[in-house]
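Novice: One predicted model, sequence on top.
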Amino acid sequence: MNHLLKIAALAILTLTFSAQAQDYQTGLADLKITDRTGHRDLKGYVWYPTSQTEGLATHHANPVWAGIEAIAEAPVAPGRFPLVVVSHGMYGNAMNQSWLAADLARRGYVVAAISHPGTSTWLRDADDARQMWERPKDISRLIDHLLASSSLSGTIDPDRIFMAGHSLGGFTAVELAGGRYDRETFKTYCAAHPDELTCDIFDRWNIGKTPEDRAAMQADLSDPRLRGIAVFDLGGTQAFSPASLNEIKTPLLVIGAPEDIHGLDLDVESRALVAALPKSSVTYLEPAGLAHFDFLGECTENGLAILAEEEPADRFVCIDGTTERRALHAMIADAVATFFAAQ
């Protein structure tokens, strides 16, 4: 009953929040974090609130993806703002949730995303992918950089830091909340479910197959600075120690996608995660019509046709990807902003 009341309360707050005026334009800047060892440089973007109104233009667009409206290199608005860090899914990139970042920036959030080496669109080195414990460390490094070394350091409120993660980024987000990889638990699960998508991916990437890798993967990778986390249709729930999930205290908004043809099984992913978490720390939404790839950007009117001709195996990422996806994006952004504000 308490779980249902939390969902109802969030729905009411969402309606209230969406009715509020958005006071800012979206500023946009490139982001680079240099690794002193030269092993894992990070690149991405920062979206932030600006009071400037001139120079609004379309960014991160191509013939398939519609892009977002922002003002490049605009001055940041006066004040101190909460921070949201974002982790993309498997072979995604820092632009995948630009739609959410731009929306949150207009509401008064600084948002930052990087492309994870080894598991992003243009960075697929097998050794980097194997070191999947580096993904949550990337996010912690991103927070470190923004708080101490970036031009936005004085703008960010260190007591209001949040995260959103999609798919494999959702797995990364749960690690940062305190979920801990358990090789033996996952091995047992995969032996009984050899065709499971995440079992196949983790096997191909050689995740946790050596004692050294298992130790690195099973370490505590949590970041206590995160005050709330939004998890978007994650994959890999069965790889976590159930005991570690039951001990998570960070508030989580988990959004499952029930319309997946090419996506993930909710019964072993989002629904299973929610069942394993303490009821006091989780809010679950499963919006009708939502599919796994609706967490990507809005497609252009010609996007589906272009993919059907040039990349037919990937055409499904743009099915219902225009008007329908735009409405889902608005609903998700409202729910996420309301959830973060409540923390």
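Specialist: Cool, got the structure.

Novice: Show the pLDDT at the residue lying closest to L285 once chain neighbours are set aside.
Specialist: Closest residue to L285 apart from its sequence neighbours, by C-beta to C-beta, 6 or more residues apart in numbering: I255 at 4.9 Å. Glycine gets a C-beta too; all of them are placed from N, C-alpha and C. I255 is assigned 98 on the pLDDT scale.

Novice: A291 is in contact with I255, correct?
Specialist: No - in this structure I255 lies outside contact range of A291 using C-beta atoms under 8 Å: 11.8 Å.

Novice: burial count for D125?
Specialist: If you count neighbours by other C-beta atoms under 10 Å, D125 ends up with 11.

Novice: and it, what does it touch?
Specialist: Residues in contact with D125 (C-beta atoms under 8 Å, 6 or more residues apart in numbering) are P117, G118.

Novice: any idea how far L252 is from it?
Specialist: 31 Å (C-beta to C-beta, to the nearest Å).

Novice: Excluding chain neighbours, give the residue nearest to the residue nearest the centre of the chain in space.
Specialist: Central residue of the chain (C-alpha atoms, centre = their mean): G165, 1.8 Å from the mean position. Nearest residue to G165, sequence neighbours excluded (C-beta to C-beta, 6+ apart): A173, at 3.3 Å.

Novice: Next, that neighbour: secondary structure please.
Specialist: Here A173 is recorded as helix under DSSP: H, G, I helix; E, B strand; the rest coil.

Novice: how many other residues sit next to it?
Specialist: When counting by other C-beta under 10 Å, one arrives at 29 neighbours for A173.

Novice: For beta bridges, what are the partners of H166?
Specialist: F232 (DSSP bridges).

Novice: Next: Y48.
Specialist: G27.

Novice: Surely it and A105 touch.
Specialist: Yes - using C-beta under 8 Å, Y48 is in contact with A105, at 5.5 Å.

Novice: Need the overlap of contacts for those two.
Specialist: Joint contacts of Y48 and A105 (C-beta under 8 Å, 6+ apart) are T26, G27, V111.

Novice: Please name the residues that touch the residue nearest to L285.
Specialist: The contact partners of I255, taken as C-beta under 8 Å, 6+ apart, are A230, V231, F232, D233, S270, Y284, L285, E286, P287, L290, I332, A335.

Novice: Mind checking which of these are in strands?
Specialist: A230, V231, F232, Y284, L285 (DSSP state E).

Novice: Now do the last one: how many residues are near it, please.
Specialist: A count of nearby residues for L285, using other C-beta under 10 Å, gives 20.
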